[in-house]
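Q: Sequence first, then the predicted structure:
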Amino acid sequence: MFRDPGKYLSDSRAASDVRRRIRIPLLMALVCFSLTLEAQPPGTLWTQTFGGSNIDVGHAVQQTADGGYIIAGYTRSFGLMSGRNAWLIKADPSGNEEWNNAFGGDNDEEAYAVQQTVDGGYIIAGYTKSFGMGGNDVLLIKTDSSGNSQWIRTFGGAQDDEGYGLQQTTDGGFIIAGVTSSSGAGSRDVWLIKTDSAGNADWSRTLGGFGSDGARSVQQTSDGGFIITGWTFSYGPGFLGNAWLIKTDSAGIAEWNQVFGGSDVDRGYSVRETTDGGYVLTGYTSSSGAGLDDMLLIKTDNSGNEEWNKTFGGSGRDYGHSVRQTTDGGFIITGYTLSFGAGGDDLWLVKTDSAGNQEWNTTFGGSSSDVGYGVQQTSDGGYIIAGHTLSYGAGLHDVFLIRLAPPAMPLFTVTPDSLWFGNAATGDTLVDSVIVQNAGNADLIIASTTSSNAHFSISPASATIAPDSAAPFYIQFSAAAPGSQHGFLVFHHNGASSPDSVFVQADVITGLGGEEGEIPQALAVGPNYPNPFNPSTTIRYQLPQPGEVRLVIYNLVGQPVRTLLNTRVEAGVHNRVWDGRDDRGEEVSSGVYIFRLTANGYTGSRKMVLIR
């Protein structure tokens, strides 16, 4: 039943002179409709088509370790053999083709699933009609990082058998889910095949009853078992088949199964384990919803019990082909819609929150057929979608690859995240600053700032900071009485990390020596006064004994701006005035500056703020 056709099945690299890749001008050729007023979908970074003069389809996509993408599907435009050839395309992070490879024989082959393997190569699952035992056989192809086949396996009997779902397992092998007509209890059964790392079968299981049953998606679960979704005619209330969810142990033995649907058609196409240990599946339903068929999204607990069920669609036919949980706990689904968009089938992307409530949706396509089959959230929080397009490209159908930008979000950072004002004299008012930066791609709106200690205050109280910009916030400390003071200054903003805080601390001493000329007991530098200032400020310091004194003004990047003092000074309390000018006598700009005093092995520094 398991056969290696490696010496028979050819893999042919489509020649570069016939390979075509077309970038669609986004403002001229792509029709993108937003269908919700609740939130706006992210922007489109780029779209690409891949194909020739015939039919070419992308069924699955994954972001690769180098930031690029691997797409699997089939081609009738390329390959040395006739009919459909399984097709593997590697694109760089901008969607530009790096290489492609077609695999096939004298009949049809299609790839439905792809994954980058731990060795940097790729694994593809689908079906072959050219090789194997008869009819369609499950096809498993392992390639190196350049798409060259390392081995090829087929699994099947005398009837039709196909593989639709695939994943590399934690032991380095592979799990394939699909459908078999060659064995099992009914006309078609779910077929689960486990292989080792070389594609040799460890075991296979059929699951089903006397009717037609099949699987479209499989994932290894956190307990080492497997979760499968597809359809069943053997169980459930629907005469036309229901969505089916099956959980097995690590040996493929069913632990439980659940049927979802009503009296009409219901199908499961994609399933994922969620971060809470439950499962989410998508597909379509004719048993409920607004139209003929509606995109279906079901969330279950870890035993397959339904927690909620959502449908999306209009008066036409609307389908979900692939679902992923997103980093915010919600879900992203792709498929197609006949209810919305520019015409015909339009590729459809729907984003929901963690409870399945729609946040936004968008369509891509023209007047002809455009369908999404695979979606993944990218490492930067955007999305990559693969499918086919008849509206754009070089041929009848072309592989359609769409890259969406990360959601527009501000990103709050503050430097430093703590401040120590040092020793302050009773009655002093000290000012320091922090820099708040927006490293995101949307405005950072600081709605308010609060202080946990009344001796510390912050200004401004609110601000709006554009993307890739920064703004200073000034912290003022009022030294009322001797002792230690500390607290938190809190920023309330529209970023995901809100609220953020800065820790502040100061120690209040009795103060510097009294009058200028008196002999103090300790060497110290006091705060400048006034602070903030314009146009000048006075810096006070005290020396218990004579010594060489150096007093220098620096900017925030550590460059010296003005040397106020570099000479021998007698013991006593002294004042020095800075007029806001540099060593050339030119006025410096507004900002935060640091003055540093060095004397008799002591170094002390403080910040001051010049406001023009």
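A: Everything's here; your move. Numbering: from 1, shown residues only.
Q: Who are the contact partners of G120?
A: The contact partners of G120, by Cβ atoms under 8 Å, 6 or more residues apart in numbering, come to A65, D144, S145. C-beta: built from backbone N, CA, C; applies to glycine.
Q: Recalculate using a threshold of 10 Å.
A: T64, A65, D66, D144, S145, S146 (Cβ atoms under 10 Å, 6 or more residues apart in numbering).
Q: out of the residues you listed, who's nearest S498?
A: Nearest to S498, judged by Cβ to Cβ, of the contacts of G120 is A65 at 33.0 Å.
Q: burial count for E359?
A: For E359, the count of nearby residues is 19 (other Cβ atoms under 10 Å).
Q: how far away is it from I332?
A: 10 Å (Cβ to Cβ, to the nearest Å).
Q: Please indicate which of the contacts of G120 are buried?
A: T64, S145 (16 or more other Cβ atoms under 10 Å).
Q: Spatially nearest residue to the residue minimising distance to the centre of the chain (excluding sequence neighbours)?
A: Nearest to the mean C-alpha position of the chain, by Cα atoms, centre = their mean, lies G381 at 2.3 Å. Distance criterion Cβ to Cβ, 6 or more residues apart in numbering; nearest residue to G381, sequence neighbours excluded, is P406 at 3.8 Å.
Q: just checking, that neighbour touches D328?
A: No. Look at P406 against D328 with Cβ atoms under 10 Å: they stay out of range, at 11.5 Å.
Q: which element is the residue nearest to G381 on?
A: Following DSSP states H and E, there is no helix or strand that holds P406.
Q: and it, how many neighbours?
A: 17.
Q: got a list of what it touches?
A: Contacts of P406 by Cβ under 10 Å, 6+ apart are P42, G43, L45, Q377, T378, S379, D380, G381, G382, Y383, G440, N441.
Q: Most neighbours out of those, which is it?
A: Neighbour max across the contacts of P406 (other Cβ under 10 Å) = Y383, 26 neighbours.
Q: partner residues bridging the nearest residue in space to it that is not next to it in sequence?
A: Leaving aside its sequence neighbours, Y383 sits nearest to L404 (Cβ to Cβ, 6+ apart; 4.3 Å). When assigned by DSSP bridges, L404 has beta-bridge partners T44, Y383.
Q: tell me the contacts of L404?
A: 41-47, 332, 349, 351, 362, 364, 375, 377-378, 381-385.
Q: To what extent is the spatially closest residue to W420 that is not a sequence neighbour buried, counted in neighbours?
A: With sequence-adjacent residues excluded and distances taken as Cβ to Cβ, 6+ apart, W420 is closest to Q505, at 5.0 Å. Q505 has 16 neighbours, counted by other Cβ under 10 Å.
Q: so what's Q505 up against?
A: With Cβ under 10 Å, 6+ apart, Q505 has these contacts: S418, L419, W420, F421, G422, N453, F456, F477, S484, Q485, H486, G487.
Q: could you redo those residues as CSV and give each row neighbour count?
A: As requested, these are arranged in CSV below (neighbours: other Cβ atoms under 10 Å):
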residue, neighbour count
S418, 13
L419, 20
W420, 13
F421, 23
G422, 19
N453, 15
F456, 24
F477, 25
S484, 8
Q485, 20
H486, 15
G487, 18
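Q: Give me the below-cutoff pLDDT ranges for the stretch 101-250 of the chain.
A: Counting by pLDDT under 70, the stretch 101-250 of the chain contains no low-confidence range.
Q: still on that earlier bit, which residues are in contact with each of P406 and D328?
A: Q377, G381.
Q: Out of the contacts of G120, which comes closest to Q258?
A: T64 (34.1 Å).
Q: List the contacts of that closest one.
A: Per Cβ under 10 Å, 6+ apart, neighbours of T64: I70, K90, A91, D92, P93, Q115, Q116, G120, Y122, S145.
Q: Return the residues in contact with the third one.
A: Under the criterion of Cβ under 10 Å, 6+ apart, the contact list for A91 reads 21, 48, 50, 61, 64, 68-71, 97-100, 384, 386, 399, 401, 403.
Q: Whichever of these end up buried, select them in PyMOL.
A: Buried residues among the contacts of A91 (16+ other Cβ under 10 Å), as a PyMOL selection:
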select buried, resi 21+48+50+61+64+68+69+70+71+97+99+100+384+386+399+401+403
